[in-house]
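[1] Next come a sequence and a model predicted from it.
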Amino acid sequence: MKTSASITRRLMLAVLLMQCVAALVLIATVANHERHVQFTVFKTNLRASANTLFGALQEADARDGSIVLDLNGLPQPSKAVYSAIEADGRVLGAQGEAPRLSTASGTFTDAYIGNEHYIFYVLTGERAIDPGKPFAVYHHIRITYGLPMGRVWHEILEAIRFFALATLLLLGLTAIFLTWLIRRFLFPIRELATEADRIDSDSWVFDAPPSSKHFIELRPLASAMEKSVLRLQSSFEQQRRFTSDAAHELKTDLAIVKSSLQVLNMRRRSVEEYEQGLLLGLDDIGRLETTVQKMLTLARLEQAPRNYNQSCNFAEAVLEAIAQSQPFAELKQVQVEERITKENLFVVASKDDALLLCSNVLMNALQHSSAKESVEISLTCENGVVSLAVRDHGAGVEPEDLPFVFGAFYRSDASRSRRTGGTGLGLSICKAICERAGGSISIANHADGGAIVEMKLPIIAPDHAGS
Amino acid sequence: MRVLVVEDELRLATNIVAGLREAGFAVDHAIDGIEGLAYAEQGLFDVILLDLMLPRRDGKSVLQAIRNKGVHSPVLILTAQEGKTSVIDLLNLGADDYLAKPFDLGELIARVKALIRRSKGTSSPLLRVVDLSIDTVRQTVTRGKKSIDLSPTEYRILEYLAHRPRAVVSKKELLEHLYDYDWEHHSNVIEAHISNLRRKLTLPGAEPIIETLRHRGYRLYAEGEL
């Protein structure tokens, strides 16, 4: 079973538990102290009672020098057990069955009467009648005074009970106060959650409520949420734009294929017309195929695993791309001028991808060149970074288009017209290949006219190379 | 009827133009927004097919400009863009219909015909003038119970006149609406077509159904109603 934990409950439990422990320690200390105090009081009381008894020994009315215990006006507790005995064994006064104790004067002794625990105090003294006179009589008196211990324990337990009740009350009050306090403190979090709940794919808006910015503990959370929502929004937008652009491309290509066949089918035609129509239709399908293929390539590159470890000799790929583009260059009457270093430069890219990168950039340059112009391609290596620069002498890129040319489906015309050729995915694919190789690609207009595309890829040691 | 196709995707435009011509329309093609607007401003078109994503000037602003200039030709929007809101926007800006790519060419032609019918004030695909009935879908003509076989151009002339019976239609207007950009070259043949049409439609012994008004033009004469 899945249980949900609550910070409030845990916090309260922790605080209450700590309070409980503190209360128990306090009660134990108090009980110990109380016991000590109560015992001291009890013993003092016993001694005082014994002394009172001693003081209550009066000369008897008989005037024969004998003494009696006169407790008139000195009522003793009913539980008290005492005896006042003269040395000759005469009992002057007693209450209860006091044991005959032979202990020294001034000592305390435990004893049981019935089942009750008593403590007895023994006091011996001399009572003189008419002291200093010749007929003075001296009485040796032994007073044994006992009180039940139960009373002391009762007092101690009373004290403990008082403290326990007070603690309970305190715990209850603390719980209520804590609940209120925590609710209050958690309110900004709830506000934050409410605000966060309003985010969805249609409205990427997150304004951290002021309460969450007020508390320094929540500030990092609020600002992190704001930032991640912004990041999500931009990546979602990008994704959405890509999907919409891809849909647009595919739909347009489909519309062409479909309408070509429908025109052909509008009426009966001659064999030549059908043949021509089929060839055109095949052409249209070929374009659709190219678009789909490039989209898939881009998707493959962008979803590549992180620990991609294929590698190839980049210089070879460049030379092969130049060789492959030769017929097109000749067709366009464009001279390809190359300055290629002869080193082995291994980069993190499969041979196919490296070739695709080089030929995309090169073909792009050729396409933007006119007859008799030249395309310059140079490959250099410096500080472990291989740098491939391809420059044409065409019209260059409109400055306002520069930031976007690597975006998917971006063509330097809002119409996405394909008259100039290409799907608008070529440079996106190049960017994806460069980034996967840990490098970068950039485009700029040369001061003397024409565009220059530069790729920088880190090289890896040949012994790491190999697929 | 004359249709303007504003579409930058050349292969698609070629197919649309071919399909519409096969269906008997005179078709002009503009490759971008500015060219499209220049064509549309002439006010000669019975329907304008407008792509949204156009170079130089996008379809939406072309549509606005067309309506601001008081051109009332029905506009059918062609687009591969997603989203219902844009449809609402476009209709509110004065578009008459909307077709998403990839569309069916047959549907496109049917919609163009429907737009023409509605803009001429009829809703039935069957045009009737007295005992003459013209099926604009099958492009057949019958008078009384007799089916009349017409050439495509003759049919187009008759359909155009039948949309406005009893109104005088000038030769220039006929030329402008029945032929593409090079209509002036057809100036001489139209008279021959009219006379053929008149001959085919006239019942033996009756008054000709198409009148020629000197220096003014032609009129589909609704006998018995005048």
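    Perfect, I can see it now.
[2] Wait, a strand at residue A:376?
    Yes. The assignment for residue A:376, made by DSSP: H, G, I helix; E, B strand; the rest coil, places it in a strand.
[3] what's near enough to touch it?
    By CB atoms under 8 Å, 6 or more residues apart in numbering or on different chains, the contact list for residue A:376 reads A:337-339, A:389-391. In this view, the C-beta of every residue, glycine as well, is placed from N, C-alpha and C.
[4] For the stretch 151-300 of chain A, which residues are neighbours of chain B?
    Contacts of the stretch 151-300 of chain A with chain B, taken as CB under 8 Å from any CB of the partner chain, map to A:244, A:247-248, A:251-252, A:254-260, A:262-263, A:266-267, A:280, A:284.
[5] Show me how to select, in PyMOL, the buried members of the residues you listed.
    Command for PyMOL that selects the buried part of these, burial taken from 16 or more other CB atoms under 10 Å in any protein chain shown:
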select buried, chain A and resi 248+251+252+254+255+256+257+258+259+260+262+263+280+284
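[6] could the contacts of residue A:376 be laid out in TSV, adding pLDDT, distance to chain B and neighbour count?
    Formatted as TSV, these follow (pLDDT from 0 to 100; distance: CB to the nearest CB, whole Å; neighbours: other CB atoms under 10 Å in any protein chain shown):
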residue	pLDDT	distance to chain B	neighbour count
A:337	89	33	10
A:338	87	35	12
A:339	89	37	10
A:389	92	31	17
A:390	92	27	26
A:391	90	27	21
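[7] Strands - which of those residues land there?
    Under the assignment DSSP state E, these contribute A:337-339, A:389-391 to strands.
[8] what is the one residue in the stretch 51-200 of chain A that gets nearest to chain B paired to in the beta sheet?
    Distance from chain B to each residue of the stretch 51-200 of chain A (CB to the nearest CB) is smallest for residue A:200, at 17.2 Å. Per DSSP bridges, residues listed as beta-bridge partners of residue A:200: residue A:203.
[9] burial of it, as a residue count?
    Neighbouring residues of residue A:200 were enumerated by other CB atoms under 10 Å in any protein chain shown; the total is 8.
[10] how close does it get to residue A:247?
    Remark: distance between residue A:200 and residue A:247 (CB to CB, to the nearest Å) = 22 Å.
[11] The helix-or-strand element of chain B with minimal mean pLDDT near chain A at all?
    Least confident helix or strand of chain B, by mean pLDDT, DSSP states H and E, is helix B:84-92 with a mean of 78. No. Contact check for helix B:84-92 against chain A, using CB under 8 Å from any CB: none in range, with a minimum separation of 11.3 Å.
[12] which secondary structure elements does that helix contact?
    If contacts are counted by 3 or more CB pairs under 8 Å, 6 or more residues apart in numbering or on different chains; DSSP states H and E, helix B:84-92 sits against helix B:59-68, strand B:97-100.
[13] Tell me the neighbouring strands of the shortest one, and mark each as parallel or antiparallel.
    Here strand B:97-100 is paired, per DSSP bridges, with strand B:75-79 (parallel).
[14] Report the rounded mean pLDDT for the partner strand.
    Strand B:75-79 shows an average pLDDT of 89 in the prediction.
[15] which one among the contacts of residue A:376 gets closest to residue A:297?
    The shortest gap between residue A:297 and any of those belongs to residue A:390, at 19.9 Å (CB to CB).
[16] so that closest one touches residue A:453, yeah?
    Yes. If you go by CB atoms under 8 Å, residue A:390 and residue A:453 touch, sitting 4.9 Å apart.
[17] Can you work out which residues contact both of these two?
    For the pair residue A:390 and residue A:453, residues contacting each of them under the criterion CB under 8 Å, 6+ apart are A:361, A:364-365.
[18] quick one, helices of the chain?
    All of this is about chain A. Shown for chain A, the helices assigned by DSSP state H span residues A:7-55, A:150-197, A:210-214, A:219-264, A:271-302, A:314-332, A:351-367, A:426-436.
[19] That was the other one, I meant chain B.
    B:10-22, B:33-40, B:59-68, B:84-92, B:105-119, B:152-162, B:171-178, B:189-201.
[20] Give the bridge partners for residue B:218, please.
    With DSSP bridges applied, the residues forming beta bridges to residue B:218 are residue B:169, residue B:212.
[21] what's near enough to touch it?
    Taking CB under 8 Å, 6+ apart, we find residue B:218 in contact with B:161, B:168-169, B:171, B:174, B:194, B:210-212.
[22] now that we have these, which one has the most neighbours?
    Of all the contacts of residue B:218, residue B:161 has the most neighbours under the rule other CB under 10 Å, reaching 25 neighbours.
[23] so residue A:182 touches residue A:10, yeah?
    No. Distance between residue A:182 and residue A:10: 10.3 Å, which falls outside the contact criterion (CB under 8 Å).
[24] higher neighbour count, the two?
    For residue A:182 versus residue A:10, the count of surrounding residues by other CB under 10 Å is larger for residue A:182: 17 against 10.
[25] tally of neighbours for the residue lying closest to residue B:26 once chain neighbours are set aside?
    Spatially, and ignoring its direct neighbours in sequence, residue B:26 is nearest to residue B:2 (4.3 Å; CB to CB, 6 or more residues apart in numbering or on different chains). As a burial measure, residue B:2 scores 25 neighbours (other CB under 10 Å).
[26] Run a quick check on residue B:2 versus residue B:179, I expect a contact.
    Yes. With contacts defined as CB under 8 Å, residue B:2 counts as touching residue B:179 at a distance of 7.4 Å.
[27] Now the common contact residues for these two.
    For the pair residue B:2 and residue B:179, residues contacting each of them under the criterion CB under 8 Å, 6+ apart are residue B:26.
[28] Any regions of chain B where pLDDT drops low?
    Counting by pLDDT under 70, chain B has low-confidence residues at B:82-85, B:181-184, B:186, B:205, B:222-226.
[29] rerun at 80
    Segments of chain B classed as low confidence (criterion: pLDDT under 80) are B:80-86, B:121-123, B:130-131, B:144, B:164-166, B:179-188, B:202-209, B:221-226.
[30] How about the residues of it by chain A?
    So far as CB under 8 Å from any CB goes, chain B lies against chain A at B:8-12, B:15-16, B:18-19, B:22-23, B:32, B:53-56, B:58, B:80-82, B:100-106.
[31] could you flag which of those residues are buried?
    A residue is treated as buried here by neighbour count (16+ other CB under 10 Å); on that basis the buried members of these are B:8-9, B:11-12, B:15-16, B:18-19, B:23, B:32, B:53-56, B:58, B:80-81, B:101-103, B:105.
[32] could you measure the closest residue to residue B:147 other than its chain neighbours against chain A, distance?
    Once flanking residues are discounted, residue B:147 sits nearest to residue B:140: 6.7 Å by CB to CB, 6+ apart. Spatial separation of residue B:140 from chain A under the definition CB to the nearest CB, to the nearest Å is 16 Å.
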